[in-house]
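Enquirer: based on what follows, work out the 3D shape:
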Amino acid sequence: MIVLRPAHARGHADHGWLDSRHTFSFADYFDPAHMGFGALRVINEDRVAPGAGFGAHGHRDMEIFSYVVEGALAHKDSMGNGAVVRPGDVQIMSAGTGVRHSEFNGSEAEPVHFLQIWITPDRAGLPPRYAEAHFSEADKRNTLRLILSKDGRDGSLVIHQDASVFASVLEPGASLAHALAPGRRAWAQVIKGAVEINGAAAKAGDGLAVLEEPQLSIKAQERSEFLLFDLH
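Expert: The predicted structure follows:
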C-alpha cells in the first residue's frame with residue numbers, strides 16, 4: 001500500500017522571515033491524522049530569508065538532522081559546535097539529555113532552503129552529540145546513497161534509531177530498486193522533480209508512505225532529488 005501526502009495538504013506557517021511547510025503536525029499546526037510515520041516525527045521544508053534564522057532554543061530526546069537544498073545554514077550549539085552547512089552537507093544532532101542550538105541563514109543576500117527532520121530515538125537520556133558529513137551530487141546520482149544509519153555503515157552518519165536514510169539524485173528516466181525487509185516501512189520525500197514509486201506518482205514537496213510493499217521500484221519522470229526513509 002502506498003499513500004500520497006500531497007505538498008499542498010501540508011501545514012503552512014509564514015512568519016515573514018520564515019516560510020515553513022509541515023508534513024506532520026508541528027508547532028501551531030495540528031492534524032491528528034498526520035502525527036508522524038513510525039519513528040519519523042517531523043519533516044519541515046523551510047525557507048529562511050537572508051540574515052534571519054532560529055535563535056537559540058532547546059531540545060531533548062530527539063534525533064534532529066538538516067538537509068540543505070540551496071544556500072548556507074549557519075549552526076551553533078551549546079556543545080561548542082559551529083558550522084556552515086551547504087548543499088550536499090548533512091548535519092545530525094542528538095538532543096539527548098538536552099542541548100540548545102541556533103540555525104541562521106549564513107548569507108546576507110540569498111535565502112536558504114533546507115529540510116529539518118526529527119526522528120524519535122530508540123531510548124531517552126542519551127548524551128548530546130553533533131556530527132556532519134558531505135555527500136556530493138556525484139555520490140547520490142542514480143543511486144540510493146546511505147546518509148544516516150544506526151551502525152554508521154558505508155560512511156553514513158549514526159542515528160540512534162533502527163532507521164536508514166538514503167538520498168538520491170535521479171536523471172530523467174533513471175530507475176532504482178530498494179527491498180524492504182519484512183515488518184519494515186518506508187517514507188519517500190520528494191525535494192525536486194517528479195518520481196514514481198511502484199506506479200504512484202509524487203512531485204516536489206510530496207511524500208509517499210509505503211506499507212507492506214516488499215520491493216520498491218523508483219523511476220524519475222524528470223531530474224529529481226528525494227530522501228528515502230527505511231523504518232521499522
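
Enquirer: how about the residue minimising distance to the centre of the chain, secondary structure?
Expert: Centroid check for the chain by Cα atoms, centre = their mean gives I117 as the closest residue, at 4.5 Å. With DSSP: H, G, I helix; E, B strand; the rest coil as the basis, I117 sits in strand.

Enquirer: for R60, what are its contacts?
Expert: A95, G96, T97, G98, V99 (Cβ atoms under 8 Å, 6 or more residues apart in numbering). In this view, the C-beta of every residue, glycine as well, is placed from N, C-alpha and C.

Enquirer: how close does it get to W118?
Expert: 12 Å (Cβ to Cβ, to the nearest Å).

Enquirer: quick one, helices of the protein?
Expert: 137-140 (DSSP state H).

Enquirer: sorry, back to before: you'd agree the residue nearest to the centre of the chain is up against Y67?
Expert: Yes - judged on Cβ atoms under 8 Å, I117 makes contact with Y67 at a distance of 6.9 Å.

Enquirer: overlap in contacts, these two.
Expert: Residues touching both I117 and Y67 by Cβ under 8 Å, 6+ apart: L227.

Enquirer: now do the contacts for E108.
Expert: P50, G51.

Enquirer: any idea how far H8 is from D77?
Expert: 34 Å.

Enquirer: any regions of the chain where pLDDT drops low?
Expert: Of all residues in the chain, none has pLDDT under 70.

Enquirer: quick revisit: which one of H8 and D77 has more residues nearby?
Expert: Each of H8 and D77 has its neighbours counted (other Cβ atoms under 10 Å); D77 has more, 20 against 8.

Enquirer: what about the residue nearest to I2 when sequence neighbours are not counted, how many residues close to it?
Expert: Leaving aside its sequence neighbours, I2 sits nearest to A200 (Cβ to Cβ, 6 or more residues apart in numbering; 4.3 Å). The criterion is other Cβ under 10 Å. On that basis, A200 has 17 neighbouring residues.

Enquirer: show the contacting residues for A200.
Expert: Taking Cβ under 8 Å, 6+ apart as the criterion, A200 is in contact with I2, L4, L208.

Enquirer: cool, and V85?
Expert: Counting by Cβ under 8 Å, 6+ apart, V85 has contacts S66, V68, A72, L73, A74, H75, Q91, F114, E132.

Enquirer: report the separation between it and A27.
Expert: 22 Å.
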